[in-house]
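[1] would you be able to build a 3D model of this:
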Amino acid sequence: MVKPKKGQMKVQQMAFMMIGLAIFFILVGLFALSFILSGLKDSKALLDEQRATLLAGRLADSPEFSCANAYGTGKSNCVDMDKVFALKNKIDDYSGFWGVLGIEIFRLYPYENQTLECDSSNYPYCGHITILKPKNLGTDNSAYVSLCRKEKNGNSFYNKCEIGELVVRISDE
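    Okay, the predicted model is just below:
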């Protein structure tokens, strides 16, 4: 049996050491990469939530929903329920217009008939209205809005406003 020389042992030790260091740095790199990617997932979820919130607020101020010019005032986050109810009946004309999966409005105060879906027979004495029925899973977000409509008191009309929530569902993609 041939005895390995001292120089050959040193070369083998150095080779094993280099392989060990390479494996160590690969594992450290994978750990750092997984940590960075988990932060990206959290950032994406936060950005999706912010986008949905901004979209809900912007939708409340859009001409199809807003009561700003309808009542001669510059109200922000005010939804004209008379317009919305008319829009619900013509929602097929707006398919894909807002780029959302669903739009719903819930009346929060006064709290009566909360579970009753609005239709032509019970409007305005209902709890929520589904403008665009949510089709798929996605991120729901909302904005608190004033729900206003015109009501008649004798010979004059006045603005009847309630507290509501505009819920928008967007895609997770």
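[2] can you show me the helices along the chain?
    6-60, 81-89 (DSSP state H).
[3] how about Glu104: what's its closest non-neighbour residue?
    Val167 (4.6 Å; Cβ to Cβ, 6 or more residues apart in numbering). In this view, the C-beta of every residue, glycine as well, is placed from N, C-alpha and C.
[4] OK, contacts around the one you found?
    Each residue near Val167 by Cβ atoms under 8 Å, 6 or more residues apart in numbering is listed here: Ala56, Gly102, Ile103, Glu104, Ile105, Phe106, Asp140, Asn141, Ser142.
[5] now the residues you listed: which count as buried?
    Ala56, Gly102, Ile103, Glu104, Ile105, Phe106, Asp140, Asn141, Ser142 (16 or more other Cβ atoms under 10 Å).
[6] closest to Ile129 among those residues?
    Distances from Ile129 to the buried ones among the contacts of Val167, taken as Cβ to Cβ, are shortest for Ile105 (5.0 Å).
[7] would a markdown table of the buried ones among the contacts of Val167 with pLDDT be doable?
    Output for the buried ones among the contacts of Val167, formatted as a markdown table (pLDDT from 0 to 100):
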| residue | pLDDT |
| --- | --- |
| Ala56 | 80 |
| Gly102 | 88 |
| Ile103 | 91 |
| Glu104 | 92 |
| Ile105 | 93 |
| Phe106 | 93 |
| Asp140 | 81 |
| Asn141 | 82 |
| Ser142 | 84 |
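[8] tell me, what residue is most central in the protein?
    Geometric centre of the chain, nearest residue: Ala52, 3.1 Å, by Cα atoms, centre = their mean.
[9] I'd guessed that one sits against Asn141; true?
    Yes - assessed by Cβ atoms under 8 Å, Ala52 is found in contact with Asn141 at 3.3 Å.
[10] between those two, what contacts are shared?
    With Cβ under 8 Å, 6+ apart, Ala52 and Asn141 have common neighbours Val168, Ile170.
[11] circling back to that earlier point, comparing the helices of the chain, which comes out most buried?
    helix 81-89 (a mean of 17; mean count of other Cβ atoms under 10 Å).
[12] just the C-alphas of that one, formatted as PDB.
    Output in PDB follows, covering the C-alpha atoms of helix 81-89 (Å, rounded to 0.1, in the frame of the first residue of the first chain):
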ATOM      1  CA  MET A  81     -78.200  56.100  -4.500                       C
ATOM      2  CA  ASP A  82     -80.700  57.000  -7.200                       C
ATOM      3  CA  LYS A  83     -77.900  57.000  -9.800                       C
ATOM      4  CA  VAL A  84     -76.600  53.700  -8.400                       C
ATOM      5  CA  PHE A  85     -80.000  52.000  -8.500                       C
ATOM      6  CA  ALA A  86     -80.400  53.100 -12.200                       C
ATOM      7  CA  LEU A  87     -76.800  52.000 -12.900                       C
ATOM      8  CA  LYS A  88     -77.600  48.500 -11.400                       C
ATOM      9  CA  ASN A  89     -80.300  48.000 -14.000                       C
END
